[in-house]
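>>> What shape does this take:
(one chain, ligands or ions: 3)
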Amino acid sequence: MSIQIHGIVQGVGFRPFVHRLVSEFGLTGTIRNTSSGVALELEGERATLEAFVRSLPERAPQLAQIDRLETAYSLALAGYTDFRILPSLREEKRNTLVSPDIGICPDCLRELHDPRDRRYRYPFINCTNCGPRFTIIRDLPYDRPLTSMARFPMCPDCEREYHDITNRRYHAQPDCCPACGPQLFFCDAEGRRISGDAIALAREMICAGGIVAIKGLGGMHLACRADDAAVAARLRRRKERDEKPFALMCRDVEAARRLCHVSRAEEALLTSVHRPIVLLRKREDGLRHLSENRSLGVMLPYTPLHVLLLDEEPDTVVLTSANLSDTPILYQNEEALEKLRGIADGFLLHDRDIQTRCDDSLFMVLDGQDYPLRRSRGYVPYPLRVPGSRGGILACGAEQKASFCLSRGDSVFPSQHIGDLKNYETLAHYEQQIRRFERLFDQKPALLVCDLHPDYLSTAYAQERAAAEGLPLIQVQHHHAHMAACMADNGLTEDCIGLIWDGTGYGSDGTIWGGECLIGGYRDVRRFASLRPIPLIGGDRAVKELDRVAFALLREADCPTAEIPDAPRYETLLTAGLNCPMSSGMGRLFDGVAALLGVKTLASYEGQGAVLLEAAADEEETGRWPLAFEEGELLRCDWRGMIRALVAERDAGTDAAVLAARFLNTLLDLAVEVCRRAAEASGLRDVVLSGGSFQNRYLMERLPGMLCAAGLRPHVHRRVSCNDEGLSLGQLMIAEERRK
Ligand code: ZN
Ligand code: ZN
Ligand code: FE
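Ligands and ions are numbered 1, 2, ... in the order given. Prediction:
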């Protein structure tokens, strides 16, 4: 019989797995890699062959992904006497896939701790089932000479394993051992190498309250004790890091459990091969030096180096990306030694180069399901299969949380986390990664798509490139792209309702949007409802100085404004209408309310107002304020009555925690009511939820259930982020539809 297997079945230990399975079933035949997967020719009893076919998907290696299995039985026999691996058919580069970096597997972990194993305590142990991939690849085909391992020739022992089909390290390109592979070393603050056990030196420094730079898979981290507020404060000061939470690395789930609640689904995600950072709920409302909200970002060790570091006390460290205020994560030794001078007290480095940066991924678990906030290390560059995609499109994303997507057939390759393009190094990284993806996946775009915003640097990139290469360019409205991203994420192809809440996006009327309800599909949408616009006094300054928004809310709602320190100045600016763009951004409403409740008046990062309101909200509180709408061609959600109620109750002495919850409850009601009306107007029932505001756990733990109760079918993101990072997928789908 012949079997064609399509999907991710190369470079994941699939042929050795088939070899074992074939021997187990006593079959004979051949296997070879083809351009889209593997092809098998097998001979044996019909019943045995059928049992074999059933076992294939059930027992396939963890990293394999079988998309399709074609079988054909025939009576003609070639008379195979054994099982053989045939040389690959000339592999067509355009169909090959690159694996993401994979967290250390249980077998390697066992060998790492086995004193009799030749890789005992070797920080670079890996095998076909785990280890670095994307971050060490220079070019395709994925063979050792084209990776960072090129400079480490295999020793005879490793070579033997590499060629032995029965071995777990058969064709594992990064295979190595202490005799032939990369080596770890430790440097002091001045970059001088210190002799001794590098891991022990790093651990001692961390225990003593020092800050150590550690070279990981996709870049450098800074590590320090997690239990000492003074040390964390020093790290923030040196790194000039705002108030954003720090991520932690815990030795194991037990260590994580001492600090946070860990559900079964969260445990599964923490220990998965992807090993993302998972936002977990703190046990108590403590550890504010690590995170000012209710959750902590926790990850488990994903390289043998991290495992060894946390083998002894401490069992938990702060592990934050080593970068300087908004520049990309550092990834080269020399660069780290130079740029982290004065920040790191020591450096735990090694001589295996990182070819490309890849930040840690970030998830939370909602209702037992993974909810991505940042899709990066461990996931990229695996493609998403998207029905309707035909390839050849480059979608250029947004700006602050930049990402791009490149399509090849029905495969869409989303980039790793890139960052804010306003930073020069980040922009260079963005352009470099676009070229890299085009080379790795052998796909030159025939069509470009970008945001409608004239000032986004991703728009400028797309326009310049379209002009230079004579390519067509499509510009897509920001919230339409968010909506299409969530549709594609859920495999929706028919028209639906999109509830899109975020901070800022350029509207098709030239104003700023961000609290939108759209109706339509990939091709077109109509704007059904929107938040009543808020004047942003001083434009972008209002995104940081939340008092400016609070003032605007009070004044629009006819409340006294004397509580705002700079009220007279804001009044003058607003009356003159100088640099006061109108915004229907939901993020701004969050910011303004955070300021009115005294939760935050000066934001150190975008979205902080919303984060702190979520942290402040009393979860037992069920009170809410009535909704108001201005009917018209566009349904306007009027927040003025809510602001008046909030101010009155606050001034009467109601606790901020109660008011924060009432505000969030009112937004939930608003969301349901707007969607209900949209359903009534359109006859549609599917609702996609997208935009950065849906990173809010309070909203996300409640809204889908409320929408279901209202007879609607909610869909949330599952594969890409709801924030601007996920936008490029939506742009791509809209461009695909419009080019028809
Ligand atoms: Zn392994
Ligand atoms: Zn070796
Ligand atoms: Fe957005």
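>>> can you map out the strands along the stretch 51-200 of the chain?
With DSSP state E, counting those that start in this stretch, the ranges of strands along the stretch 51-200 of the chain come out as 65-72, 83-85, 184-188, 193-194.
>>> Please point out which parts of the second one sit buried.
Residues of strand 83-85 classed as buried under the neighbour-count rule (16 or more other C-beta atoms under 10 Å) are 83, 85. From N, CA and C alone the C-beta is placed, and that goes for glycine too.
>>> Can you give me the neighbour number for residue 53?
When neighbours are counted by other C-beta atoms under 10 Å, residue 53 registers 16.
>>> thinking again about what came up before, tell me which of the strands of the stretch 51-200 of the chain sits nearest to residue 354.
Closest approach to residue 354 among the strands of the stretch 51-200 of the chain is made by strand 184-188 (14.4 Å; C-beta to C-beta).
>>> Tabulate the strands of the stretch 51-200 of the chain in CSV, adding columns for mean pLDDT and distance to residue 389.
Compiled in CSV, the strands of the stretch 51-200 of the chain are given as follows (pLDDT from 0 to 100; distance: least, C-beta to C-beta, whole Å):
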stretch, mean pLDDT, distance to residue 389
strand 65-72, 90, 14
strand 83-85, 89, 33
strand 184-188, 98, 43
strand 193-194, 97, 50
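>>> Let me have those in TSV, extended by distance to residue 405.
Rendered in TSV, the data for the strands of the stretch 51-200 of the chain read as follows (distance: least, C-beta to C-beta, whole Å):
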stretch	distance to residue 405
strand 65-72	19
strand 83-85	35
strand 184-188	36
strand 193-194	42
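>>> Out of those strands, which is closest to residue 604?
Among the strands of the stretch 51-200 of the chain, if distance is taken as C-beta to C-beta, the winner is strand 184-188, at 31.5 Å.
>>> just checking, what packs against the closest one?
Contacts defined by 3 or more C-beta pairs under 8 Å, 6 or more residues apart in numbering; DSSP states H and E place strand 184-188 against strand 193-194, helix 198-207, strand 346-350.
>>> Any chance of these in a markdown table with mean neighbour count as columns?
Converted to a markdown table, the helices and strands packed on strand 184-188 look like this (neighbours: other C-beta atoms under 10 Å):
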| stretch | mean neighbour count |
| --- | --- |
| strand 193-194 | 12 |
| helix 198-207 | 20 |
| strand 346-350 | 24 |
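>>> out of those, nearest to residue 171?
Among the helices and strands packed on strand 184-188, strand 346-350 comes nearest to residue 171, with 23.4 Å by C-beta to C-beta.
>>> Neighbouring strands of the closest one in the sheet, and parallel or not?
strand 184-188 (antiparallel), strand 212-215 (parallel) (DSSP bridges).
>>> Next, the buried residues of stretch 329-344.
Of the residues in stretch 329-344, those buried under the neighbour-count criterion (16+ other C-beta under 10 Å) are 329, 330, 331, 332, 333, 336, 337, 339, 340, 343, 344.
>>> ok, so of those residues, who is nearest ligand 1?
residue 331 (23.1 Å; C-beta to the ion).
>>> wait, what's in contact with residue 499?
Residue 499 sits next to 516, 517, 671, 674, 675, 687, 688, 689, 690 when contact means C-beta atoms under 8 Å, 6 or more residues apart in numbering.
>>> and what of residue 348?
Taking C-beta under 8 Å, 6+ apart as the test, what residue 348 contacts is 184, 186, 198, 199, 201, 202, 212, 213, 214, 215, 305, 309.
>>> Model confidence for the closest residue in space to the fourth one that isn't next to it in sequence, exactly?
Translated: residue 199. Among residues not flanking residue 199 along the chain, residue 308 sits closest, at 5.1 Å (C-beta to C-beta, 6 or more residues apart in numbering). For residue 308, the pLDDT comes out at 98.
>>> so residue 308 sits right up against residue 125, yeah?
No - counting by C-beta atoms under 8 Å, residue 308 sits too far from residue 125 to count as a contact (10.0 Å).
>>> shared neighbours of these two, which are they?
Both residue 308 and residue 125 are in contact with residue 112, where contact means C-beta under 8 Å, 6+ apart.
>>> With neighbour numbers in mind, choose between these two.
The neighbour count for residue 308 versus residue 125, taken as other C-beta under 10 Å, is higher for residue 125 (31 against 23).
>>> Might you report the residue contacts of that one?
Each residue near residue 125 by C-beta under 8 Å, 6+ apart is listed here: 104, 108, 111, 112, 119, 177, 304.
>>> Output these as JSON lines; include the columns neighbour count and distance to ligand 2.
What follows is the contacts of residue 125, written out as JSON lines (neighbours: other C-beta atoms under 10 Å; distance: C-beta to the ion, whole Å):
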{"residue": "104", "neighbour count": "24", "distance to ligand 2": "18"}
{"residue": "108", "neighbour count": "23", "distance to ligand 2": "14"}
{"residue": "111", "neighbour count": "20", "distance to ligand 2": "13"}
{"residue": "112", "neighbour count": "19", "distance to ligand 2": "15"}
{"residue": "119", "neighbour count": "21", "distance to ligand 2": "9"}
{"residue": "177", "neighbour count": "19", "distance to ligand 2": "3"}
{"residue": "304", "neighbour count": "22", "distance to ligand 2": "15"}
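>>> for these, which one is nearest residue 271?
Taking the contacts of residue 125 together and measuring to residue 271 by C-beta to C-beta, the closest member is residue 104, at 10.9 Å.
>>> That closest one and residue 127: what is the separation?
If you measure residue 104 against residue 127 using C-beta to C-beta, to the nearest Å, the figure is 9 Å.
>>> Of all the strands of the stretch 51-200 of the chain, which one is nearest residue 434?
Closest of the strands of the stretch 51-200 of the chain to residue 434 is strand 65-72, at 25.2 Å (criterion: C-beta to C-beta).
>>> What helices and strands are in contact with that closest one?
strand 2-8, helix 46-59.
>>> Ligand 3: which of these is closest?
Within the helices and strands packed on strand 65-72, the stretch nearest ligand 3 is strand 2-8; the backing value is 30.6 Å (C-beta to the ion).
>>> packing partners for that closest one?
If contacts are counted by 3+ C-beta pairs under 8 Å, 6+ apart, strand 2-8 sits against strand 37-43, helix 46-59, strand 65-72.
>>> got the ones you listed as CSV, with distance to ligand 1 columns?
Putting those into CSV (distance: least, C-beta to the ion, whole Å) gives the following:
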stretch, distance to ligand 1
strand 37-43, 21
helix 46-59, 18
strand 65-72, 18
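>>> Pick the most deeply packed of these.
Stretch with highest mean neighbour count among these: strand 37-43 (a mean of 20; mean count of other C-beta atoms under 10 Å).
>>> Quick check, residue 164 in contact with residue 171.
No - counting by C-beta under 8 Å, residue 164 stays clear of residue 171, with 9.8 Å between them.
>>> more neighbours, the two?
For residue 164 versus residue 171, the count of surrounding residues by other C-beta under 10 Å is larger for residue 171: 21 against 13.
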